[in-house]
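Asks: Quick one, structure for this:
(one chain, ligands or ions: 1)
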Amino acid sequence: MLQQNYDVKMNVSDLLMYFRCPRQVYYLNRGHELMTGITFPYIESLLLKELALAYPDIVSAYSSNDEGMIENLETELCRVCDNIELIRPAELEGVSPELMEDARTAISGCIRDIANNLESAISQHGKEEFTSCIDPVKTDPILYSGRMGLAGMPAKLVCHGGKTVPSIIKTGKYPENGVWNNDRLHVAALTMLVEEEYGKTVEYGFVEYARYGIVRKVIVRANDRRQILKIKNRVGKIKDGTMPDKNESKLCGHCNFFDMCSKCSTKVSLAAKFF
Ligand code: SF4
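Replies: Okay, the predicted model is just below:
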């Protein structure tokens, strides 16, 4: 196993931030802090991710009794809400009980859908196969690649078909088919890390859409790997001081870099277009 003192210059989270906004990568690497705040979506997302870690046990306990699954999910949600501040004290420091309660109520409203989708995955794939797609052998493992100078942390590693593969948990909507492109690239980056960590080729990973209890397999192709190397190169240049072009989106309305970013709204350099 690789050691932490490898020359790791970048994290998969930098690539995810680049997908959201390349300029946020730039400002963060110049010492500015991105203010996210403890908002309702943020708490909801933390609770959903924690709840999703209970799905393997809930699936294992399933015995053709939908109401039983709903009850188990409700029980787990209560446990998660009681424990979340112990598990993530830094992220939830100062959170108001009202906000926690609102997030719990919202997730409670998703439980019937989660149960239905978990149940249909069990009928489609069989309990044993489906459990092996979601049951972690490790949660939040830190992976390193000395070759790529990259580190990252999948939500889980699962042992599927005798292979260790990464799995990520997302809390937003799921696409009709497959996974969102950014989720595909996220999994691709993690499979490359798993390969180096375990010395075996990894051809796929999983994305869990926790709000719905939907699990999707992602086959990682050569083009996904190519994209990761390209994006890693771009992020490296941003970290070295190249200001990327402004990429206006709905994120700008909540971004604390907005003022300084607006002052640099012109096309920064021709070079930025070509790296
Ligand atoms: S204001 Fe918009 S473009 Fe600028 S850093 Fe923030 S999100 Fe990115």
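
Asks: Now Tyr144: which helix or strand?
Replies: Per DSSP states H and E, Tyr144 falls inside strand 143-145.

Asks: Can you tell me the strand partners of that strand and which way each runs?
Replies: Strand pairing for strand 143-145, using DSSP bridges, gives strand 150-152 (antiparallel).

Asks: what pLDDT, on average, does the helix or strand following the partner strand get?
Replies: With elements assigned by DSSP H and E, the helix or strand that comes after strand 150-152 is strand 156-160. Strand 156-160 carries an average pLDDT of 97.

Asks: Parallel or antiparallel, which strands does the next helix or strand after strand 156-160 pair with?
Replies: With elements assigned by DSSP H and E, the helix or strand that comes after strand 156-160 is strand 163-170. With DSSP bridges as the test, strand 163-170 is paired with strand 156-160 (antiparallel), strand 204-209 (parallel).

Asks: Name the residues of strand 163-170 that come out as buried.
Replies: For strand 163-170, burial by neighbour count (16 or more other C-beta atoms under 10 Å) applies to 164-170. Where C-beta positions appear, they are placed from N, C-alpha and C, glycine not excepted.

Asks: and those residues as TSV, adding distance to the ligand and pLDDT?
Replies: Formatted as TSV, these follow (distance: C-beta to the nearest ligand atom, whole Å; pLDDT from 0 to 100):
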residue	distance to the ligand	pLDDT
Thr164	36	97
Val165	33	98
Pro166	28	98
Ser167	28	98
Ile168	23	98
Ile169	24	98
Lys170	20	98
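
Asks: Which of the strands paired with strand 163-170 sits closest to Arg30?
Replies: strand 204-209 (32.1 Å; C-beta to C-beta).

Asks: So what's the gap between the closest one and the chain middle?
Replies: Distance, stretch centre to chain centre, for strand 204-209: 10 Å (C-alpha atoms, centre = their mean, to the nearest Å).

Asks: Quick one: mean pLDDT for that strand?
Replies: Per-region confidence: strand 204-209 scores 98 on mean pLDDT.

Asks: Identify the residues contacting the helix or strand following that strand?
Replies: Next helix or strand after strand 204-209 toward the C-terminus (DSSP H and E): strand 214-219. Here strand 214-219 makes contact (C-beta atoms under 8 Å, 6 or more residues apart in numbering) with 117, 121, 130, 133-134, 174, 178-179, 183-184, 187-188, 203-209.

Asks: relative to strand 163-170, how tilted is strand 214-219?
Replies: 130 degrees (axes from the mean of the first three to the mean of the last three C-alpha atoms, to 10 degrees).

Asks: Show me which positions of strand 214-219 end up buried.
Replies: For strand 214-219, a neighbour-count test (16+ other C-beta under 10 Å) marks 214-216, 218 as buried.

Asks: Would you mind putting those into TSV with distance to the ligand and pLDDT alongside?
Replies: As requested, the buried residues of strand 214-219 are exported to TSV (distance: C-beta to the nearest ligand atom, whole Å; pLDDT from 0 to 100):
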residue	distance to the ligand	pLDDT
Ile214	29	98
Val215	31	98
Arg216	28	98
Val218	27	97
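
Asks: domains of the chain?
Replies: 1-28+136-275, 36-134 (automatic domain parsing).

Asks: near the ligand, which residues of the stretch 151-275 of the chain?
Replies: Residues of the stretch 151-275 of the chain lying close to the ligand by C-beta under 6 Å from any ligand atom are 246-248, 251-252, 255, 257-258, 261.

Asks: Just the buried residues of those residues.
Replies: Buried among those (16+ other C-beta under 10 Å): 246, 255, 257, 261.

Asks: From those residues, which shows the smallest pLDDT?
Replies: Within those, the minimum per-residue pLDDT falls on Lys246 (87).

Asks: in stretch 126-146, what's buried?
Replies: For stretch 126-146, burial by neighbour count (16+ other C-beta under 10 Å) applies to 130-136, 141, 143-145.
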